[in-house]
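>>> next input, structure requested:
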Amino acid sequence: METKIQHVCPVWLGYFLINPFRKYFQNPEAMLLPYVKPDMKAVDYGCAMGYFSLPLAQLVGKNGQVYAIDIQQKMLNSLTKRAEKTGLNHIIKTVLITENTNFNELTGQIDFVLLFYMVHEVPDKQELFETIGKMVKSGGLVLFAEPRGHVSKTAFGNSVALAEMQGFHELQKINVKGSHAVVLTKI
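Prediction:
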């Protein structure tokens, strides 16, 4: 899958994104707990330094798997170090997106995908949702959130419509401070 990027979150900003004070506004455990269960296979697409990847790994547990996917090796390196420190490195598999990356081994295997504040950075959103649509098994979930400051309600709705073209259906809107957010399910 070739992914062209409109804007890339700089690595230095990744350190701010993993700041523990962020939990007061966006608590990963509270956001993910209703949707992520032990033994699931989950994807954190656009994971950066793993603000959500580590809590995802804790929730899926020792028999689950988290695929932490990003376009920046430095972000993934930082995530790997953090996962090793917390003993979650056996649950998290990092994946660097390159021109030659394909996700064939994940086809129909994924129970949950997190798309948090990253879809607006991808110029070919249709291709992104096609990829996600192939990964997610029937009944699987996608938590999709975008920042209100960067993404209009109309643009968010257009992205949801692209997801629906790939067999997703809106399960519910969710409240994520400062965000447009929805949980989708694969039909």
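>>> just the helices from the chain, written as ranges.
With DSSP state H, the ranges of helices along the chain come out as 11-17, 28-32, 53-60, 73-86, 125-135, 153-165.
>>> of these, which stretch is the most buried?
By mean neighbour count, with neighbours taken as mean count of other Cβ atoms under 10 Å, helix 53-60 ranks first of the helices of the chain at a mean of 24. In short, each C-beta sits where N, CA and C put it, glycine included.
>>> right, and the helices of the chain - which one's nearest Gly108?
With Cβ to Cβ as the criterion, Gly108 lies closest to helix 125-135 of those, at 7.4 Å.
>>> ok and the closest one relative to helix 153-165, angle-wise?
Angle, helix 125-135 to helix 153-165, by axes from the mean of the first three to the mean of the last three Cα atoms, to 10 degrees: 40 degrees.
>>> Ala83: what's it in contact with?
Gly50, Ser53, Leu54, Ala57, Asn89, Ile91, Ile92 (Cβ atoms under 8 Å, 6 or more residues apart in numbering).
>>> per-residue pLDDT, Val129?
In this structure residue 129 is Phe, not Val. With respect to pLDDT, Phe129 scores 97.
>>> now swap in Cys9 and tell me
Turning to Cys9, the model gives it a pLDDT of 64.
>>> contact partners of the strand ranked longest in the chain?
For the chain, the longest strand by residue count, based on DSSP state E, is strand 136-147. Around strand 136-147, the neighbours that count as contacts under Cβ under 8 Å, 6+ apart are 31-32, 35, 108-117, 119-120, 132, 155-156, 159-160, 163, 168, 171, 174, 176, 178-187.
>>> got the buried residues for it?
Val136, Gly140, Leu141, Val142, Leu143, Phe144, Ala145, Glu146 (16 or more other Cβ atoms under 10 Å).
>>> mind putting these in CSV, pLDDT and distance to Ile71 included?
Below are the buried residues of strand 136-147 laid out as CSV (pLDDT from 0 to 100; distance: Cβ to Cβ, whole Å):
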residue, pLDDT, distance to Ile71
Val136, 98, 20
Gly140, 98, 23
Leu141, 98, 24
Val142, 98, 19
Leu143, 98, 20
Phe144, 98, 18
Ala145, 97, 19
Glu146, 97, 18
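>>> can you tell me which two in the residues you listed are farthest apart?
Using Cβ to Cβ, the two most remote members of those are Gly140 and Glu146, lying 20.1 Å apart.
>>> returning to what we had before: could the helices of the chain go into TSV alongside distance to Met40?
Shown next, in TSV, are the helices of the chain (distance: least, Cβ to Cβ, whole Å):
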stretch	distance to Met40
helix 11-17	24
helix 28-32	10
helix 53-60	5
helix 73-86	17
helix 125-135	13
helix 153-165	19
